[in-house]
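K.L.:
prediction below, plus the sequence it came from.
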Amino acid sequence: MADESRDESARVTIIQPAVPHYRLDLFNRLAEHFGARFAVYASPTDMGVLTARPDAPGWERLLGKTLRFRTGVEWQRGILSVPIRRGDTVVVSGAPRGLGNLGTILRARLLGARVVWWGHYLSPTTRPWRHALRSLLMRGAHGLLFYTDDEVASYRATASGRKDRRVVAALNNGLNLAPIALHRLPYHAADRDRTLLFVGRLTDKAGLDLALRALARGGEAGVTLHVVGDGAGKDTLLRLARELGVNGEVVWHPATTDEAEIADVANRCRMFLYPGDVGLSLVHGMAYGLPAILHEDRSGHMPEIAAFKAGKTGVTFAPKDVGSLWKAIADSIDETERLDQMSDAALETVANDFNTARMAQRFVEAIGDINRDCGTS
């Protein structure tokens, strides 16, 4: 990556609610580029295996615990004590419930730092008050970083987006492909069992109960679902599987960030299934070359749905419709030649755009553009 920094002493500081495992490679790459001037401030957060690691990276700085109030507002203890000086670039989380982000933006601007807002443009769970707060945070920044190019296009299509002359860019949220490529086996659908992969946290958003009901609808069709993940909803899902009589069609695997363990499951599967509102799990499945089965309401998914093209990298079903989901499974799982083509398209998509190497390049380019746009190149 070409060095786009404007000042060898100016710091690049990112403030996040947490540092999950899937962000480590991106931040490692940015630390390699910016050196000692780079730091990420975050609160200790329990996200299971996603935040469990023995050693903190050299670029990580811990804030206090996050306080959560009944109104949905959150406050990261210590957020207003993050070191900021004139000429720095401060990247704040776009999460609207994080009230400290607003204070950080105001403080950074008063101190003469450049502010970059980084977050979702819209998400299916956004409430009106959160959208209003998100818009306020965006207005206070010198530049905007969205998760995907599709979000940039959506923003630019609005009246405020068309008038916005700031740098508006996207990282195309992705994963570190190196460990996946190391363990991924060549995909030939006809050589694999009639199996589906789900990987992700077991929450209501995942909609995994719909998958269990669809398998029950299919009866003895010989389709197996592998579930890699844990979460608050696991016990309920285990009970439902017993009630539906599909225990023999579901294999439960613990949550893990070890790609060797994930690959041991993914390399057996023909397709990736996420019945609910998919996010980064989609990129994970596609990185293993698995065609995806997702519901067709793109507005209901997280921004990473931008990586998916119906009919090219997978198939769709009607949201929350058990019969439609089972039909999507039954109609596609034995179309092995078509699945091979979809697998190639999925791998090409993540290799070109949705990976941490490309994210780091885009981040550095965006920071350079924002600093030049502010007249400080």
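P.N.:
Cool, got the structure.

K.L.:
what helix or strand is Gly112 located in?
P.N.:
Under DSSP states H and E, no helix or strand contains Gly112.

K.L.:
may I ask which helix or strand encompasses the residue nearest to it when sequence neighbours are not counted?
P.N.:
Once flanking residues are discounted, Gly112 sits nearest to Arg86: 3.5 Å by Cβ to Cβ, 6 or more residues apart in numbering. Glycine gets a C-beta too; all of them are placed from N, C-alpha and C. Using DSSP H and E, Arg86 falls within no helix or strand.

K.L.:
closest to the centroid, which residue in this structure?
P.N.:
Leu280 (3.5 Å; Cα atoms, centre = their mean).

K.L.:
ramachandran angles for that residue?
P.N.:
Leu280 adopts backbone torsions of phi -70, psi -20, taken as degrees, to the nearest 10.

K.L.:
who's in contact with the residue nearest to Gly112?
P.N.:
Arg86 makes contact with 111-113 under the criterion Cβ atoms under 8 Å, 6 or more residues apart in numbering.

K.L.:
that one and Arg61: what is the separation?
P.N.:
20 Å (Cβ to Cβ, to the nearest Å).

K.L.:
next one: Arg372
P.N.:
Counting by Cβ to Cβ - Arg372 and Arg61 are separated by 27 Å.

K.L.:
higher neighbour count, the two?
P.N.:
Shown here are Arg372 and Arg61; by other Cβ atoms under 10 Å, Arg61 has more neighbours (16 against 13).

K.L.:
kindly report the domain assignment for the chain.
P.N.:
12-174+355-373, 177-352 (automatic domain parsing).

K.L.:
make TSV out of those domains and add mean pLDDT.
P.N.:
Formatted as TSV, these follow (pLDDT from 0 to 100):
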stretch	mean pLDDT
domain 12-174+355-373	91
domain 177-352	97
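
K.L.:
Gly58: neighbour count?
P.N.:
Considering only other Cβ under 10 Å, Gly58 is surrounded by 11 other residues.

K.L.:
using the three-state scheme, assign it.
P.N.:
Under DSSP: H, G, I helix; E, B strand; the rest coil, Gly58 falls in the coil class.

K.L.:
quick one, phi psi at it?
P.N.:
Dihedral angles for Gly58 - degrees, to the nearest 10 - are phi -60, psi -20.

K.L.:
that one - nearest residue in space that isn't next to it in sequence?
P.N.:
Per Cβ to Cβ, 6+ apart, closest to Gly58 is Ala31, 7.1 Å.

K.L.:
next up, the contacts around the one you found.
P.N.:
38, 57-59.

K.L.:
I'd guess it is in a helix, am I close?
P.N.:
Yes. According to three-state DSSP, Ala31 belongs to a helix.

K.L.:
relative to Arg23, how far out is it?
P.N.:
Taken as Cβ to Cβ, the span from Ala31 to Arg23 is 12 Å.

K.L.:
what's whichever strand or helix holds Gly161 in contact with?
P.N.:
Per DSSP H and E: Gly161 is located in helix 159-163. For helix 159-163, the external contacting residues (Cβ under 8 Å, 6+ apart) are 135, 154-156, 168.

K.L.:
now do the same contact list for Val73.
P.N.:
The contact partners of Val73, taken as Cβ under 8 Å, 6+ apart, are 97, 99.

K.L.:
quick check: phi and psi at it.
P.N.:
phi -80, psi 150.

K.L.:
good, wrapping up.
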